[in-house]
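Q: Predicted coordinates and the sequence they were generated for:
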Amino acid sequence: QKEVEQNSGPLSVPEGAIASLNCTYSDRGSQSFFWYRQYSGKSPELIMSIYSNGDKEDGRFTAQLNKASQYVSLLIRDSQPSDSATYLCARVGNNRLAFGKGNQVVVIP
Amino acid sequence: NAGVTQTPKFQVLKTGQSMTLQCAQDMNHNSMYWYRQDPGMGLRLIYYSASEGTTDKGEVPNGYNVSRLNKREFSLRLESAAPSQTSVYFCASSLLVSGAEQYFGPGTRLTVT
């Protein structure tokens, strides 16, 4: 089993809607999780960090961590065309980050 | 404050040639990383340096070497390039030795023919 899995295919959402992305992980000892946004042809950009169970909100982004079920999610409220990108989930362990393969989000005007 | 910088931005090599990718950060971060990103494969860690003076292998180290020149600089060397090393290479740095909250450079697009 991969350390971090993002299984959903590309996600198309209408402008103004909520985009919901999920990520599962295999190591129950994982403590710290991150969401990166990557525009096509650009480098990953850190947008959210979450370290404890529950929700963390930052502007239009909400990260949710459920350690019992071993998943992390990212909600993007009021989606904008500028949110169209690939979103990468990552967890820290052994002095490194393990990344999922990412989910592409397309916001349709 | 430039963050993480990488040179060159683009490079084309012939099979068997060597080259060094340069990375520097000005954030006084302790840890630095080299990744490659290929379509469908995601980001894969090549080598990392958790602190100045140390380097460790990641997922895909074969065919690469690294040097942590000082706290700011971390270079990646391809001794004998192969077409399988065609990829986009990213350098990243983190204040924390744990590897949390990494910040990425703009990347180097390498093609090996």
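A: The structure has been received and is ready for your questions.
Q: State the pLDDT value of the spatially most central residue of chain B.
A: In chain B, the residue lying closest to the centroid (Cα atoms, centre = their mean) is residue B:34, at 2.8 Å. pLDDT recorded at residue B:34 is 98.
Q: Bridging across strands, which residues link to it?
A: As for beta bridges, residue B:34 partners with residue B:47, residue B:91 under DSSP bridges.
Q: show me what contacts it?
A: The contact partners of residue B:34, by Cβ atoms under 8 Å, 6 or more residues apart in numbering or on different chains, come to B:21, B:23, B:45-48, B:58, B:64, B:66, B:74, B:76, B:89-91. C-betas here are computed from N, CA, C, even on glycine.
Q: Out of the residues you listed, the closest to residue A:46 would be?
A: residue B:90 (12.9 Å; Cβ to Cβ).
Q: my guess is the closest one contacts residue B:107, does it?
A: Yes. Between residue B:90 and residue B:107 there is a contact under Cβ atoms under 8 Å: 4.9 Å.
Q: what residues do these two have in common as contacts?
A: Shared contacts of residue B:90 and residue B:107, defined by Cβ under 8 Å, 6+ apart, comprise A:43, B:6, B:37.
Q: of those residues, buried ones?
A: For those, a burial check counting by 16 or more other Cβ atoms under 10 Å in any protein chain shown picks out A:43, B:6, B:37.
Q: Stretch A:73-84: which residues count as buried?
A: Buried residues in stretch A:73-84, counted by 16+ other Cβ under 10 Å: A:73, A:74, A:75, A:76, A:79, A:83, A:84.
Q: And the strands in chain B?
A: Using DSSP state E, the strands found in chain B span residues B:4-7, B:10-13, B:19-25, B:31-38, B:42-49, B:56-57, B:64-68, B:74-78, B:87-94, B:103-104, B:108-112.
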